[in-house]
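> The following block contains a protein sequence and its predicted model.
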Amino acid sequence: MAEARAATSGFARERRTIASAWVALLLLMLASLGSAYLRLGPGNMVAGLVIAGIKGAIVAWLFMRLRQAGALIRLAAVAGLGAWCLLLALSGVDYATRTLTPTPVQRPQQLLPAQAASEPR
Amino acid sequence: MTAATLTDAPTEPGLDPDTGKLGMWVFLASEVLFFGGLFVAYLYGRTHFPAGWAEGSRHTDVLLGTVNTAVLLTSSAAVALAVACEEDARQRRWTARLLALTAALGVAFLVLKGLEWHAEWREHLVPGPAFALHVAGAQQFFALYFVMTGLHGVHMICGIAALGVLARGRSRERAWARARQLEAAALYWHFVDVVWIFLYPLLYLVDRHG
């Protein structure tokens, strides 16, 4: 009897958590939409990504149950993200510093379409 | 999980209950890198062709994108509730229905996405000789837009199929449609949701005030 009551209250708590997380996610989605119509300069991208990060964290922590998970599962969860951050930084060494000047192996006629597209009409 | 729900949940002898979850998390880590390359390409394009990216994003359908985001967030809540129901013997009758609801919301997402793609095709926003926008980078934006949303759509189809099969199996009390399998499938669905959570501001909300 006591076990059954504990199970029911456990389910009720879980249901409340899911409902609260769902409402929070929808509100954050609207905040993200609203922020896009404000003139914030680079802040628009930052706001969009920060809100997306919070939404992702809510899904991972509450819906995917990382809050209840053991260390091994938490480690597996952050491993992909950590590896991606590392690869992003390494890719940035090239892409963030690359100018749009053509390489010596590209012939002028090969570059004409790209140059034509980049000129404002 | 409480002690009471642990005794309720069907288990397989000799198998750590976390094995399925751990396997799915490792798979999802590889998926992060799979989508990660596209996000790096996006970042390169957005920083090198800001005008083209803004022009491209303004031509996406922000209303449909927002509705689809709400649909996907709701589907994630539904599948989380399905897992919670499965763990409580008195709520198990809801599990199959919630899984079916999640799959149905996934289908609704794909239908809306299909309508969006159709409109973009008619507006000549598919990269090619007849591309409608003449700002440098706009074509690259739409190339990435179709690749990223297309790849996400393929993941959605896999998730819908898995949840649909599990809903049917759960409603018939099949042994292969138990809490462990449901939890792994739910993790996959949540991951697909998280990918969209990031795609939404990156594809639909660039320079909307411009």
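Now that the structure is in, tell me what you want to look at.

> in the helix ranked longest in chain A, what's buried?
For chain A, the longest helix by residue count, based on DSSP state H, is helix A:2-36. Under the neighbour-count criterion of 16 or more other Cβ atoms under 10 Å in any protein chain shown, helix A:2-36 has A:7-8, A:10-11, A:14-15, A:18, A:21-22, A:25-26, A:28-29, A:32-33, A:35-36 buried. In this view, the C-beta of every residue, glycine as well, is placed from N, C-alpha and C.

> name the helices or strands packed onto that helix?
helix A:43-58, helix B:3-8, helix B:62-86 (3 or more Cβ pairs under 8 Å, 6 or more residues apart in numbering or on different chains; DSSP states H and E).

> can you give me the angle that helix makes with helix A:43-58?
Using axes from the mean of the first three to the mean of the last three Cα atoms, to 10 degrees, the inter-axis angle of helix A:2-36 relative to helix A:43-58 is 170 degrees.

> Run the chain-centre distance for helix A:2-36.
20 Å (Cα atoms, centre = their mean, to the nearest Å).

> tell me the angle of it relative to helix B:62-86?
Angle between the axes of helix A:2-36 and helix B:62-86 is 170 degrees (criterion: the same axes, to 10 degrees).

> just for chain B, where's the confidence low?
Counting by pLDDT under 70, chain B has low-confidence residues at B:1-15.

> Would you tell me which helix is longest in it?
Using DSSP H, we find that the single longest helix of chain B is helix B:138-171.

> and B:Arg180, how far is that from B:Lys21?
Applying Cβ to Cβ, to the nearest Å, the value for B:Arg180 to B:Lys21 is 8 Å.

> and A:Ala69, what are its phi and psi?
Taking degrees, to the nearest 10, you get phi -80, psi 160 for the backbone angles of A:Ala69.

> what's it in contact with, if anything?
Listed by Cβ atoms under 8 Å, 6 or more residues apart in numbering or on different chains, the contact set of A:Ala69 reads A:Ala77, B:Asp18, B:Lys21.

> Can you name the residues that contact the last one?
For B:Lys21, the residues meeting the contact criterion (Cβ under 8 Å, 6+ apart) are A:Ala69, A:Ile73, B:Arg180, B:Glu183, B:Ala184, B:Leu187.

> Can you add secondary structure and distance to A:Val59 and give those back as CSV?
Shown next, in CSV, are those (DSSP: H, G, I helix; E, B strand; the rest coil; distance: Cβ to Cβ, whole Å):
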residue, secondary structure, distance to A:Val59
A:Ala69, coil, 14
A:Ile73, helix, 15
B:Arg180, helix, 20
B:Glu183, helix, 15
B:Ala184, helix, 16
B:Leu187, helix, 10
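
> how much space between B:Ser154 and A:Leu28?
Actually, residue B:154 is Val rather than Ser. Going from B:Val154 to A:Leu28 by Cβ to Cβ gives 26 Å.

> before we move on, what about B:Ser57?
20 Å.

> likewise A:Phe63?
With distances taken as Cβ to Cβ, A:Phe63 is found 14 Å from A:Leu28.

> Next: B:Leu205.
Using Cβ to Cβ, B:Leu205 is found at 13 Å from A:Leu28.
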